[in-house]
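Asker: quick one: sequence plus predicted model below, questions after.
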Amino acid sequence: MHAGSAPNTAVANGEGIPRTTVWFLAASVGVIIVDLTAPQTLIGVIAADLGIAGGWAGFVGTASLLGYAAGLFFLVPLSDRIENRGLVIAMLSAAVLSAFGAALAPTALPFLALLFVLGAACSAIQVLVPIAAAMARESERGRVVGDVMSGLMVGILLSRPLASLVADAFGWRAFYALSGVSMVVLIPLMRTRLPVRRPEATESYPALVASLLDLLRTQPVLRRRSLTAALGLAAFTVFWTAIALRLSQAPFGLDQRHIAVFALVGASGAIVSPLAGRAGDRGWTRPLSVAAHAATILGFGLAAWADRLGGTFWWPLALLGLAAIVLDIGVFADQTLGRRAINLLAPEARGRLNALFVGLFFLGGSIGSAAAGYAWAQGGWPLVCAVGAGVGVLSLLSDFLGDRASRG
């Protein structure tokens, strides 16, 4: 038996997924997700270098996200139709070519087009998560999904400081070259670490895409968990979109490098993802969901309090760091519980369920980013905190009302 087939034995014998494979998948999704969120911090330098006018500069930050959304709805459904390992490798190969192409792009138009393709190819993440869920025993599925999700959330948090540091030292093109190299390394490892997974669905590709709306209509758990996840990511992006603006002002006056270090603080909140998955496996989903939404509200309360502290800037800065950790714990816990819940619904539609879940919560993140900019312009940091806390309240209410409806 060759190395590439080894994981199949574990699955066939009911032994579950090897821990080394879980952490490999966590690291993989962390590496891949960097391509989606890092461009937001490179908008200024890329726009200046490629001559992108101010009104169009925002496309640098959104082109890969738009591509990712397209990949979720038009590529990820293929994971319910064709063999998954081969699909992941093909998508990563496209991501490698797109990343190297972006590093060499001479003008704005081909660069933005390549970012769109790169984003679409990075939706391979949502093929990897169902593979992990399928390999796991049902009793450990929450833990496995939580462990893999911890890599995703750490990648999101570290992407901005990583991109800033690489671009500052070597230029923005070096970031995309480094991204391409990192995914080149992943491809042969995918071939040896992942099993051959042939999905159960027999529908045609057009029928699979069309079934997305049917799944959303017929799966109340999917609707409720997607809504709270979208609100959670909205709160997350409200904070992390505006915090750099606040830290650059008095009394902090931090530069980009110091802000990048601050962003590393929030990454510690990702430790809750595997813990939340384990709690879900033990039947604690309901109380932990309430605690997660409460943590989101508390995080913004601490952030607002930090803005009112006087004296030396160290205490307000420490309180903002604590607020970031508490907020991220709440968001990560809710995301993990939502992932676990939808991966228990319908094995034959696992790829499409994950595509819908992620597509909807990224939509929430986009709305949160826009809301943060508006709130900052209208009322500064106090209004940002009020908006973020309000989103947390909506999460709590929607989960409570949804739970009552499902019981009634």
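Answerer: Structure's in. What do you need?
Asker: my understanding was that Ser211 contacts Ala349; is that so?
Answerer: Yes - between Ser211 and Ala349 there is a contact under C-beta atoms under 8 Å: 7.4 Å. Heads up, the C-betas are built off the backbone N, CA and C, glycines and all.
Asker: the two: which has the busier surroundings?
Answerer: The neighbour comparison of Ser211 against Ala349 (other C-beta atoms under 10 Å) goes to Ala349, with 26 against 17.
Asker: in what helix or strand does Gly71 lie?
Answerer: helix 58-74 (DSSP states H and E).
Asker: what sits up against that helix?
Answerer: The contact list for helix 58-74, computed with C-beta atoms under 8 Å, 6 or more residues apart in numbering, reads 35-36, 39-40, 42-43, 46-47, 52, 91, 112-113, 115-124, 126, 209, 212, 355-356, 358-359, 362-363, 366.
Asker: any idea how far it is from the chain center?
Answerer: From the chain centre to the centre of helix 58-74 is a distance of 13 Å (C-alpha atoms, centre = their mean, to the nearest Å).
Asker: again with stretch 366-378
Answerer: Using C-alpha atoms, centre = their mean, the offset of stretch 366-378 from its chain centre is 19 Å.
Asker: buried residues, it. List them.
Answerer: Judged by neighbour count (16 or more other C-beta atoms under 10 Å), stretch 366-378 contains these buried residues: 366-369, 371-372, 375-376.
Asker: which residues touch it?
Answerer: For stretch 366-378, the surrounding residues in contact (C-beta under 8 Å, 6+ apart) are 65, 230, 233-239, 241-242, 245, 383-384, 386-387, 391.
Asker: in PyMOL, how would I select just the buried ones from those?
Answerer: The buried residues among the contacts of stretch 366-378 can be selected in PyMOL (16+ other C-beta under 10 Å) with this line:
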select buried, resi 65+230+233+234+235+236+237+238+239+241+242+245+383+384+387+391
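Asker: where exactly do the helices run in the stretch 251-400 of the chain?
Answerer: 256-267, 272-281, 285-306, 314-342, 350-407 (DSSP state H, counting those that start in this stretch).
Asker: pretty sure Phe332 contacts Ala276?
Answerer: Yes - using C-beta under 8 Å, Phe332 makes contact with Ala276 at a distance of 7.0 Å.
Asker: how's the chain carved up into domains?
Answerer: According to automatic domain parsing, the chain comprises the domains 1-199, 203-408.
Asker: would you turn these into JSON lines with mean pLDDT?
Answerer: Shown next, in JSON lines, are the domains of the chain (pLDDT from 0 to 100):
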{"stretch": "domain 1-199", "mean pLDDT": "84"}
{"stretch": "domain 203-408", "mean pLDDT": "84"}
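Asker: dump the C-alpha coordinates for stretch 77-92 into CSV.
Answerer: In CSV, the C-alpha atoms belonging to stretch 77-92 read as follows (Å, rounded to 0.1, in the frame of the first residue of the first chain):
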residue,chain,number,x,y,z
PRO,A,77,-20.4,22.1,-4.8
LEU,A,78,-18.1,20.0,-6.9
SER,A,79,-16.9,18.4,-3.7
ASP,A,80,-20.3,16.6,-3.4
ARG,A,81,-19.9,15.3,-7.0
ILE,A,82,-16.2,14.4,-7.7
GLU,A,83,-13.3,12.9,-5.7
ASN,A,84,-12.2,15.4,-3.1
ARG,A,85,-8.4,14.9,-2.8
GLY,A,86,-7.9,15.5,-6.6
LEU,A,87,-10.2,18.5,-6.5
VAL,A,88,-8.2,20.1,-3.6
ILE,A,89,-4.9,19.5,-5.5
ALA,A,90,-6.3,21.0,-8.7
MET,A,91,-7.5,24.1,-6.9
LEU,A,92,-4.2,24.5,-5.0
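Asker: what are the contacting residues of that stretch?
Answerer: So stretch 77-92 is contacted by 32, 71, 75, 121-124, 126-128, 130-131, 183, 186-187, 190-191, 194-201, 203, 205, 208-209, 211-212, 348-352, 355 (C-beta under 8 Å, 6+ apart).
Asker: quick one: secondary structure of Ala250?
Answerer: Put simply, Ala250 is coil when judged by DSSP: H, G, I helix; E, B strand; the rest coil.
Asker: and it, how many neighbours?
Answerer: A count of nearby residues for Ala250, using other C-beta under 10 Å, gives 6.
Asker: for Leu302, same thing?
Answerer: Applying other C-beta under 10 Å, we find 18 residues neighbouring Leu302.
Asker: with Asn343 instead?
Answerer: The tally of other residues near Asn343 (other C-beta under 10 Å) stands at 24.
Asker: list the contacts of the closest residue in space to it that isn't next to it in sequence.
Answerer: Spatially, and ignoring its direct neighbours in sequence, Asn343 is nearest to Ala133 (4.1 Å; C-beta to C-beta, 6 or more residues apart in numbering). By C-beta under 8 Å, 6+ apart, the contact set of Ala133 is 141, 144-145, 343, 350.
Asker: swap in Pro130?
Answerer: Contacts for Pro130 were tallied using C-beta under 8 Å, 6+ apart; they are 79, 84, 343, 350-351, 354.
Asker: make a markdown table from these and add distance to Asp168 to it.
Answerer: Output for the contacts of Pro130, formatted as a markdown table (distance: C-beta to C-beta, whole Å):
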| residue | distance to Asp168 |
| --- | --- |
| Ser79 | 38 |
| Asn84 | 38 |
| Asn343 | 39 |
| Arg350 | 41 |
| Gly351 | 38 |
| Asn354 | 35 |
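Asker: between the residues you listed, which is nearest Ala304?
Answerer: Nearest to Ala304 among the contacts of Pro130, counting by C-beta to C-beta, is Asn354 at 34.8 Å.
Asker: what's around the closest one, how many residues?
Answerer: The burial count for Asn354: 26, using other C-beta under 10 Å.
Asker: farthest pair within the contacts of Pro130?
Answerer: Asn84 and Asn343 (14.2 Å).
Asker: gap between Ala230 and Ala133?
Answerer: Distance from Ala230 to Ala133, counting by C-beta to C-beta, to the nearest Å: 21 Å.
Asker: same question, Ala169
Answerer: Taking C-beta to C-beta, one finds Ala169 at 38 Å from Ala133.
Asker: returning to what we had before: for the helix holding Gly71, buried residues please.
Answerer: Judged by neighbour count (16+ other C-beta under 10 Å), helix 58-74 contains these buried residues: 59-72.
Asker: of those residues, which pair is most distant in space?
Answerer: Using C-beta to C-beta, the two most remote members of those are Val60 and Leu72, lying 20.6 Å apart.
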